[in-house]
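Novice: here are the coordinates; sequence isn't available:
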């Protein structure tokens, strides 16, 4: 018994181990990952640390310590700052020294001028006396303001209004350091000791001119009573002012955009046109996003402010906005002002809890009204849920280590003998979540939203598990695994609580007069609904339909916002230059292409389709060979040769890559740094670092774990190609997965799970990466987008490197990986093949792809990243340069699996081999030999079907395309 107890001490990490002499994961992480701001602020408050008052120290750039004086700019280079400024870029740092008389909490402010037109935020970090005081200080953002290029919305060919181009506003800004997630209502506080202190601002990303740095006491905001204390209470008697919300003066996110609400209650409205008549919704749902409007009044005085809004958040929880007048919050009561969910438009007059309107003082002339998305009221709940989720993750890992991940319901466990605190821990989590549920219920005026229901279910499940903890090993699906587990419920609620969507139609600045009704009456609504119904039969939209013979018909398998932008670009640029008319239509699914081809009603050109579809249509005679165009080989040079392999039959090419995926290694710099684990370069390196990772409950992610039962080529073929194996014989008449090289690749692929214990299944690598349990692994573009746009808390603390490979005999590391994205193709039945080729060339040109990618992100936000397959265009995208270098180098090793009539069977059987070896313990060579028999039998059947064999004999060979073959076409063209 003593022996097994000792073993358990080594196996069970963290707070659930009896006496773990090794550092737990949290202890390791805390070497570089500091506690959250709320925890530190609580410690400061408990220690009696006071807010500093009536203090301000201004430090000009001339007094910055240890800087390159060549980076100090003045005159015209200072952008009219009036003094010297510092060029802050390239990961450099500035340090100031400040002397304070009393120890206390202070705020830090900065004057800055953003440089560059990209939407990637300027980021820095702040150290005080050489250390980060809390985690949030590792990422401080410096936003830029944006405006529309024009206030008059242009119209497209259908008379629908177009979102105007967005331009950065070149001006100086003054801000105080804030939490980059904007979950704190007030600026961040920093503890300074009495005497001299150093404050360091280090560049993480972007560049700007830095003016004065301010160290000041903690600012205060008056209450409404204090705000009105010495002023007359009467409203100014004047005519009301109406502002159309879709025309803001500026916003701090380029993608807060006007939207169309095809609703007669919204102003303006036309039944037969899509007018941009409101603002916000999903584009204005992130905490910290601000929109500002200008309001001009004839005389100074007090006014009421009413907002015509629609709050239709699906979960039913309220959203919040902080109100600012002329850049300042006038009083506490409009900080985090609540907007409850409503089914209809309402005129929300800013008022107190009793419905009594607030009076706002406005100066004569121009004033500004700013509304900021604000999730700070739910920050305490988000913090508690995050702590519980981390605890659940660690508890689940501890149980799996104890039980060997055995979830057999018939087997009994005495968990409490080895984890005596488990019952109390589960109950404590339930109590915390129950308290937060009650708090959220208060915020929502007693209405049970989806988030509150999720918390209540989580509380109930935790109490059930606490009542019988010995059964938890068989009930992990209720705790941490699956779509209805406690962890998943909390994860979904976290995402929903952070969202603050609000749609706004109008702003009224007014006195006591009655406002226009926000909604049409019942009869007017009914009449309009009937008229809209009949109009829908003749409306001209982006739906697929027949076009005139002289119009190139293009079907696009993408959402409306993409297709609208494509149509606008072709109308403004391509058609005026070439005279070729083009109509883009939204294709609801790729299946429609197959049906349209069967009915001989196919388009001229299809875009956004899966890279395998051109082959499937081509082998049935429906696709056109792009090599028939004289300048195709010239166009070929802009793309990765390996991306063409699935679209080639013999010497004919039936598609052009449009987007391109990439598989690179993601890693947490902070965690690996704390463990002193090097970034692996080869799979041998991965195997070497696994023991150190697993010693702390960590692991390495491979795409195999991201697949479910079926393992696609993107997760299996890299192992084969990196070992210089292959899928097919050169003549295409059989498979070679039983070759020594291929078997070695398959062996490594299975050994990673059977011998080295990498995860078998990971539903969401992104979440595990954020929460540090999988701090390294191979993933793709989708993960890159998620980490870039939806994980601000770890921004700057993760990086990417090349895909791990296998070192060959000549010392080169073979890093082959797939990268198929979407493609474009021309149909054989098109009557406009030459014109369609001109459109396809224009669309995939470097200039068009660069403009499209940049505009897409500016208009719709950082999550709308465009992974163009045009390598020259990709080099110009507004992505971090160091990341583009890694991706471009990895694309030099892009190798898609060529298509054959029986490829699906090869893919399926390799997946079956993995399952049989990993789950059934079968010998790898034996499983592969069985797979070869199955594949070759299907090969003969399919080759007979397509005329390559007859009666079991080869009629003609099926040459497998190679990268060298594609490269030779480019070289021939250059000659």
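Specialist: In hand now; what should we look at? Just so you know, these numbers come straight off a predicted model, no measurement behind them.
Novice: flag every buried residue along stretch 703-712.
Specialist: Within stretch 703-712, the residues that count as buried by 16 or more other CB atoms under 10 Å are 703-707, 711-712. All C-beta spots, glycine's among them, are computed from the backbone N, C-alpha and C.
Novice: those into CSV, with extra columns for secondary structure, pLDDT and distance to residue 567?
Specialist: Formatted as CSV, the entries for those read as follows, by DSSP: H, G, I helix; E, B strand; the rest coil; pLDDT from 0 to 100; distance: CB to CB, whole Å:
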residue, secondary structure, pLDDT, distance to residue 567
703, helix, 97, 36
704, helix, 96, 41
705, helix, 94, 40
706, helix, 93, 35
707, coil, 90, 36
711, coil, 96, 39
712, coil, 97, 33
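Novice: quick one, strands of the stretch 51-200 of the chain?
Specialist: Using DSSP state E, counting those that start in this stretch, the strands found in the stretch 51-200 of the chain span residues 56-59, 72-73, 85-88, 93-100, 104-114, 122-128, 140-142, 146-148, 166-168, 173-176, 190-192, 195-205.
Novice: what of the stretch 401-550 of the chain?
Specialist: Along the stretch 401-550 of the chain, counting by DSSP E, counting those that start in this stretch, strands occupy 502-510.
Novice: what number of residues lie near residue 67?
Specialist: Neighbourhood size, residue 67 [other CB atoms under 10 Å]: 18.
Novice: what sits closest to it if chain neighbours are left out?
Specialist: residue 94 (5.8 Å; CB to CB, 6 or more residues apart in numbering).
Novice: OK, contacts around that neighbour?
Specialist: Applying CB atoms under 8 Å, 6 or more residues apart in numbering, we find residue 94 in contact with 61, 64-65, 67, 86, 88, 200-201, 210, 213.
Novice: 7 Å - rerun?
Specialist: Residues in contact with residue 94 (CB atoms under 7 Å, 6 or more residues apart in numbering) are 64, 67, 86, 88, 201, 210.
Novice: most surrounded residue in these?
Specialist: In terms of neighbours by other CB under 10 Å, the contacts of residue 94 top out with residue 88 at 27 neighbours.
Novice: give the closest residue to that one in space, chain neighbours not counted.
Specialist: residue 210 (4.4 Å).
Novice: so who does the one you found touch?
Specialist: Residue 210 touches 61, 85-86, 88, 94, 110, 112, counting by CB under 7 Å, 6+ apart.
Novice: measure residue 360 to residue 615 for me?
Specialist: 64 Å (CB to CB, to the nearest Å).
Novice: and these two? which has more neighbours close in?
Specialist: Neighbour count, other CB under 10 Å: between residue 360 and residue 615, residue 615 has more, with 25 against 20.
Novice: would you say the more buried one is within a helix?
Specialist: Yes: assessed by DSSP: H, G, I helix; E, B strand; the rest coil, residue 615 belongs to a helix.
Novice: make sure it is actually in contact with residue 648.
Specialist: No: in this structure residue 615 lies outside contact range of residue 648 using CB atoms under 7 Å: 8.0 Å.
Novice: that older thread, most tightly packed of the strands of the stretch 51-200 of the chain?
Specialist: Most buried of the strands of the stretch 51-200 of the chain, by mean neighbour count (mean count of other CB atoms under 10 Å): strand 85-88, with a mean of 24.
Novice: so which other helices or strands are in contact with it?
Specialist: strand 72-73, strand 208-216 (3 or more CB pairs under 7 Å, 6 or more residues apart in numbering; DSSP states H and E).
Novice: what average pLDDT does the first one get?
Specialist: Read that as strand 72-73. Taken as a whole, strand 72-73 has a mean pLDDT of 95.
Novice: how far away is residue 963 from residue 822?
Specialist: Distance, residue 963 to residue 822, using CB to CB: 20 Å.
Novice: between these two, which one's more packed in?
Specialist: residue 822 (21 against 18).
Novice: got the contact list for that one?
Specialist: So residue 822 contacts 608-611, 658-659 (CB under 7 Å, 6+ apart).
Novice: can you put those residues in a markdown table and add secondary structure, distance to residue 325 and pLDDT?
Specialist: Formatted as a markdown table, the contacts of residue 822 follow (DSSP: H, G, I helix; E, B strand; the rest coil; distance: CB to CB, whole Å; pLDDT from 0 to 100):
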| residue | secondary structure | distance to residue 325 | pLDDT |
| --- | --- | --- | --- |
| 608 | strand | 46 | 97 |
| 609 | strand | 51 | 97 |
| 610 | strand | 52 | 96 |
| 611 | coil | 54 | 96 |
| 658 | coil | 48 | 98 |
| 659 | strand | 45 | 98 |
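Novice: and the residues you listed, which are buried?
Specialist: Buried among these by 16+ other CB under 10 Å: 608-611, 658-659.
Novice: between these, which is closest to residue 748?
Specialist: residue 611 (26.2 Å; CB to CB).
Novice: which ones are touching that closest one?
Specialist: By CB under 7 Å, 6+ apart, the neighbours of residue 611 are 646-647, 655, 657, 820-823.
Novice: can you say which helix or strand has the residue nearest in space to the middle of the chain in it?
Specialist: Note on the chain: the residue nearest the mean C-alpha position is residue 786, at 3.0 Å, using CA atoms, centre = their mean. Using DSSP states H and E, residue 786 maps to helix 781-790.
Novice: next one: residue 906
Specialist: helix 903-920.
Novice: now do that helix: which elements does it pack against?
Specialist: Under the contact criterion of 3+ CB pairs under 7 Å, 6+ apart, helix 903-920 touches helix 713-722, helix 740-754, helix 924-945.
Novice: average pLDDT for the second one?
Specialist: Read that as helix 740-754. Helix 740-754 comes out at a mean pLDDT of 97.
Novice: any idea whether residue 292 is helix, strand or coil?
Specialist: Applying three-state DSSP: residue 292 is strand.
Novice: mind starting the numbering at 31 from now?
Specialist: Okay, residue one is now 31; in that scheme the one you just asked about reads as residue 322.
Novice: tally of neighbours for it?
Specialist: 19.
Novice: go ahead and confirm it touches residue 280.
Specialist: Yes: using CB under 7 Å, residue 322 is in contact with residue 280, at 5.0 Å.
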